[in-house]
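*Asks:* Got a predicted model here, sequence first, then my questions.
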Amino acid sequence: GMAGVAEPQLAALRPGMPGPALLSVLVALLAVAVTFLLWRLVQARRSRRNAVLLLGLCDAGKTLLFARLLSGRYRQTQTSITDSSAVYRVSKDKSANVTLIDLPGHESLRLQFLERFKAAARAIVFVVDSVAFQREVKDVAEFLYQVLVDSTVLKNAPALLIACNKQDVTMAKSAKLIQQQLEKELNTLRVTRSAAPTSLDASATGGPAQLGRKGKDFDFSQLPMKVEFVECSARGSKGEEGDADFEGLEKWLAKIA
Amino acid sequence: MLDFFTIFSKGGLVLWCFQGVRGPAATAPVNALIRSVLLQERGGNNSFTHEALTLKYKLDNQFELVFVVGFQKILTLTYVDKLIDDVHKEFRDKYRNEFQQKGALGLLNGTFDFKDDFLRLLRDAEESSKARAPTVMKTFEQSQKSQKTVKCMIETRGEKPKEKVKNKKNKGSKKEGTEAVAAVSKASTGDKQPPAAGDREELTKDEILQKNREEFFKRHMKAGEKSRSPKPEAQKEKGKKPRVWDLGNSNAKVLDYSNSATNGSAEACPVEEFDADVALGDRNREPGRLYDLEYESDDEAEEKVIQNPSKPSAKKGGLGGMFGMLKGLVGSKSLTREDMDPILEKMKDHLIAKNVAAEIAVQLCESVAKKLEGKVMGTFTTVTSTVKQALQEALVQILQPQRRVDVLRDVMDAQRHRRPYVVTFCGVNGVGKSTNLAKISFWLIENGFSVLIAACDTFRAGAVEQLRTHTRRLNALHPPESHGGRTMVQLYEKGYGKDAAGIAMEAISYARNQGFDVVLVDTAGRMQDNAPLMTALAKLIAVNAPDLVLFVGEALVGNEAVDQLVKFNKALADHSMAQTPRLIDGIVLTKFDTIDDKVGAAISMTYITSKPIVFVGTGQTYCDLRSLNAKAVVAALMKA
């Protein structure tokens, strides 16, 4: 009956069943697929963005901030010509940690290093020299603009903190003033930089990205990432012996970790 | 004796510092060293002068350290090189653990107590330089002086002391000596012969005095006849005739062919027909935008710039032999000079073939070698790839502008202060100053700024007419009606033969009165060796203090670029009265479409001046103005 029908079918199947060679090929393919998936998973975990970049102009105080955050001591510094990175424990009890990366601020190096590390950035700390800000406002704004219109930065939208450093000096500008001036300057830069070419093939990308909203004056709230301003002093009010004043910075780092 | 000795990491942390007794703080000179030498790839020789100090440095590329010693410029200390080497070795060996294991945290937390070791090494170095075996003095018999007789060493006035051979009996040689003396002696007239050498030895002191007295009287009596010098002098005419220049007699007015009524008014001349499309070139473009240089950039080349050299590179291009590959696979190899030399030679030739000036290619390769010496390569990287990567980074670094390049922003600033923004173009003959000036004024007009062109080329025939034609065309492309009734471009000219600096000054005040935003000053082309013309250019720039001094150079130039730029800068520096002289602020690279990928001139020019390339000219139409794309240029340079 039924079994009788099934048996010849089974008998017909048996010679058609995959032979040992074909079977081994299938197993091999499966193994490759599994390895591939595992490898992608591992890569994804490795490339999880865990870095906090310290950017800024030359002499803004990035390397000293880096040293203070990691070791608490005051160190003498020179102009950096390469990056330094180390793991920073956010607080004693939590196990969260981020990788602090201090990038050189010199004009000939800054864009190269930014290219290298921007993909791994979870957050960016842009250090500003509050004392020399009035003189350097155009240069600060230009570097900030270059960071903000970068395609990778726009895509990942890492949290941005603008640290107004050197507050221990009496002539330092406040964070509010720096924010206002930067907004005004970036507003103008939008216009002039879109009239001049950007650093990549213009024909390919169709021009630089638009910063903020067209028609309205530029505002930091128009950006896709969260922007905060904080005042700090890497040297500290007590000079080289005392601690640095950067509670706002530490709190922010704890928040984003 | 030393002012200071610092050891710091390349990341910027000072690990240890020794301050000499009265030396100032080490930070500022070392920063100057870093910025001028290391970052500008001038690391060929290892010493640098900053104000009153000489700085010598050494790089440790394995652990990323820099050793710098500073001492007064006037001292020449011979032990410094040895001292740096010794300190380097000892420091590295002592703190090897910190560097290798703990990385940046080791540098931060470690205490580097090196003072005692350093003082010991310094003492050793100083002693080794002083302690040379005292040379044994020669005895009198051994010296040459004993060979001469006393009499021959007596000098008489007017005669030079003669060097005597040991053999004093050789009269032939003495006679030659006499003739030589006769030729040398200045007061020799035809008849006065110095006494034969043979006689000289037998003269006593009194006889010499007598002889001198006689000569003295003879000389005085001959005073009148002295004027008849043996040299034949051409008989010049009595009195001087004034020299007549070809054009000097005629009045300047005769030479002035310009129509005096055309200053400032474009309507006085008939508008000729011109095809806007031909002038504009590419119609399909956004108005006011300055496009970037287009290059078929090799994707692989771009990835190489980004990729971290310590990560295993999948592309094992160019294996330096199986042995090298195995060595690279097995252990971490540190680069030595011998490994790098053949590759650097090849890269240097490659750069020169791409039109980089020869001396700059040499300096660049030296600097890259210094930066890589001793560096530990990661696994799966070959020497060739490491060197190429380092060279590529160095080239990109050179092409990055050291100051902001945003002309529009500065023009806006000047607009706010109600003064015109003055740009001066200078360069040698025939590089394209007037053409690119027209392109730049077109770009500025498209962005809504009004331009005054000052025709300060008062020498070349047709220079003023050329600019007038450009002005007419630009006004036809951007008529006043479309800009609120304001003429966007005007020409300020005073014809030919006049002083360029004066015309520039008048043009600037005219622009200020009429409210023009930008003044573009066109100067005559001049060779860098032509001293009077260079002085005139320096005077124009010093007197008028322009906001931007642009040097226009063509991309075809090869080794000449170095000479041109050096001499132009020198002329500007020499003739300016100010403390900080105005030098060239930027470079305009023209005729870029005529070179395929031999783009080395860009590197030569930026290396010499360390100033950025502001514009690149790629053709003859108004839209052929681009801005420099560093990555694309370096990709073209490194392409095989």
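*Replies:* Everything's here; your move.

*Asks:* My understanding was that residue B:487 contacts residue B:480; is that so?
*Replies:* Yes: if you go by Cβ atoms under 8 Å, residue B:487 and residue B:480 touch, sitting 5.0 Å apart. The C-beta positions use only the backbone N, C-alpha and C, and glycine is treated the same way.

*Asks:* okay, those two: which has more neighbours?
*Replies:* residue B:487 (21 against 13; other Cβ atoms under 10 Å in any protein chain shown).

*Asks:* and residue B:16, how many neighbours does it have?
*Replies:* Neighbours of residue B:16 under the rule other Cβ under 10 Å: 20.

*Asks:* repeat for residue B:575
*Replies:* 16.

*Asks:* Tell me which residues touch the nearest residue to it once chain neighbours are set aside, please.
*Replies:* What sits nearest to residue B:575 in space, not counting adjacent residues and going by Cβ to Cβ, 6 or more residues apart in numbering or on different chains, is residue B:538, at 3.5 Å. Residues in contact with residue B:538 (Cβ atoms under 8 Å, 6 or more residues apart in numbering or on different chains) are B:571-572, B:574-576.

*Asks:* and those as JSON lines, adding secondary structure?
*Replies:* Formatted as JSON lines, the contacts of residue B:538 follow (DSSP: H, G, I helix; E, B strand; the rest coil):
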{"residue": "B:571", "secondary structure": "helix"}
{"residue": "B:572", "secondary structure": "helix"}
{"residue": "B:574", "secondary structure": "helix"}
{"residue": "B:575", "secondary structure": "coil"}
{"residue": "B:576", "secondary structure": "coil"}
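
*Asks:* With respect to pLDDT, which of those residues ranks lowest?
*Replies:* pLDDT across the contacts of residue B:538 is lowest for residue B:576, at 79.

*Asks:* Buried members of the contacts of residue B:538 into ChimeraX, please.
*Replies:* A single ChimeraX command selects the buried members of the contacts of residue B:538 (16 or more other Cβ atoms under 10 Å in any protein chain shown):
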select /B:571,572,575,576
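
*Asks:* so can I have CSV of the contacts of residue B:538 showing distance to residue B:442?
*Replies:* Output for these, formatted as CSV (distance: Cβ to Cβ, whole Å):
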residue, distance to residue B:442
B:571, 30
B:572, 28
B:574, 35
B:575, 33
B:576, 32
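
*Asks:* For the contacts of residue B:538, name the two members farthest from one another.
*Replies:* Spatially, the most separated pair among the contacts of residue B:538 is B:571 and B:576, at 9.5 Å (Cβ to Cβ).

*Asks:* What parts of the stretch 501-640 of chain B come near chain A?
*Replies:* B:626-627, B:629-632 (Cβ under 8 Å from any Cβ of the partner chain).

*Asks:* one more time with 6 Å
*Replies:* Residues of the stretch 501-640 of chain B lying near chain A by Cβ under 6 Å from any Cβ of the partner chain: residue B:627.

*Asks:* just checking, residue B:625 touches residue B:437?
*Replies:* No: assessed by Cβ atoms under 6 Å, residue B:625 is found out of contact with residue B:437, at 10.7 Å.

*Asks:* Packing partners of the strand or helix carrying residue A:192?
*Replies:* Applying DSSP states H and E as the criterion places residue A:192 in helix A:175-195. Secondary-structure packing of helix A:175-195 (3 or more Cβ pairs under 6 Å, 6 or more residues apart in numbering or on different chains; DSSP states H and E): helix A:133-148, strand A:227-231, helix B:407-416.

*Asks:* buried stuff in the shortest one?
*Replies:* Spelled out, that is strand A:227-231. A:227, A:229-231.

*Asks:* cool, and the first one?
*Replies:* Within helix A:133-148, the residues that qualify as buried by neighbour count (16+ other Cβ under 10 Å) are A:133, A:136-138, A:140-148.

*Asks:* Give me the helices and strands touching it, please.
*Replies:* Secondary elements touching helix A:133-148 (3+ Cβ pairs under 6 Å, 6+ apart): helix A:175-195.

*Asks:* Report the separation between residue B:385 and chain A.
*Replies:* For residue B:385, the distance to chain A (Cβ to the nearest Cβ, to the nearest Å) stands at 17 Å.

*Asks:* so how many other residues sit close to that residue?
*Replies:* 22.

*Asks:* check contacts around it.
*Replies:* For residue B:385, the contact set (Cβ atoms under 6 Å, 6 or more residues apart in numbering or on different chains) is empty.

*Asks:* show me the contacts for residue B:62.
*Replies:* Counted by Cβ under 6 Å, 6+ apart, residue B:62 has contacts B:374, B:376.

*Asks:* hmm, 8 Å instead?
*Replies:* Residue B:62 neighbours (Cβ under 8 Å, 6+ apart): B:92, B:334, B:374-376.

*Asks:* try residue A:212
*Replies:* A:186, A:190, A:218-219, A:222-223.

*Asks:* In three-state terms, label it for me.
*Replies:* With three-state DSSP as the basis, the three-state label of residue A:212 is coil.

*Asks:* ok so, going back, output the buried residues of helix A:133-148 in a markdown table; the columns should cover distance to residue A:109.
*Replies:* A markdown table is the format used below for the buried residues of helix A:133-148 (distance: Cβ to Cβ, whole Å):
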| residue | distance to residue A:109 |
| --- | --- |
| A:133 | 22 |
| A:136 | 17 |
| A:137 | 22 |
| A:138 | 20 |
| A:140 | 17 |
| A:141 | 19 |
| A:142 | 15 |
| A:143 | 12 |
| A:144 | 17 |
| A:145 | 18 |
| A:146 | 13 |
| A:147 | 14 |
| A:148 | 19 |
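
*Asks:* any chance of the residues you listed in a markdown table, plus pLDDT?
*Replies:* Shown next, in a markdown table, are the buried residues of helix A:133-148 (pLDDT from 0 to 100):
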| residue | pLDDT |
| --- | --- |
| A:133 | 89 |
| A:136 | 87 |
| A:137 | 89 |
| A:138 | 89 |
| A:140 | 90 |
| A:141 | 90 |
| A:142 | 89 |
| A:143 | 90 |
| A:144 | 90 |
| A:145 | 88 |
| A:146 | 87 |
| A:147 | 88 |
| A:148 | 87 |
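
*Asks:* Closest one of those residues to residue B:12?
*Replies:* residue A:143 (17.8 Å).

*Asks:* The closest one contacts residue A:60, doesn't it?
*Replies:* No: in this structure, residue A:143 is not within contact of residue A:60 by Cβ under 8 Å, at 10.0 Å.

*Asks:* looking at the contacts of residue B:62, which has the most residues close by?
*Replies:* residue B:375 (19 neighbours).

*Asks:* How about it: what's its closest non-neighbour residue?
*Replies:* Excluding its sequence neighbours, the residue lying closest to residue B:375 (Cβ to Cβ, 6+ apart) is residue B:61, at 4.0 Å.
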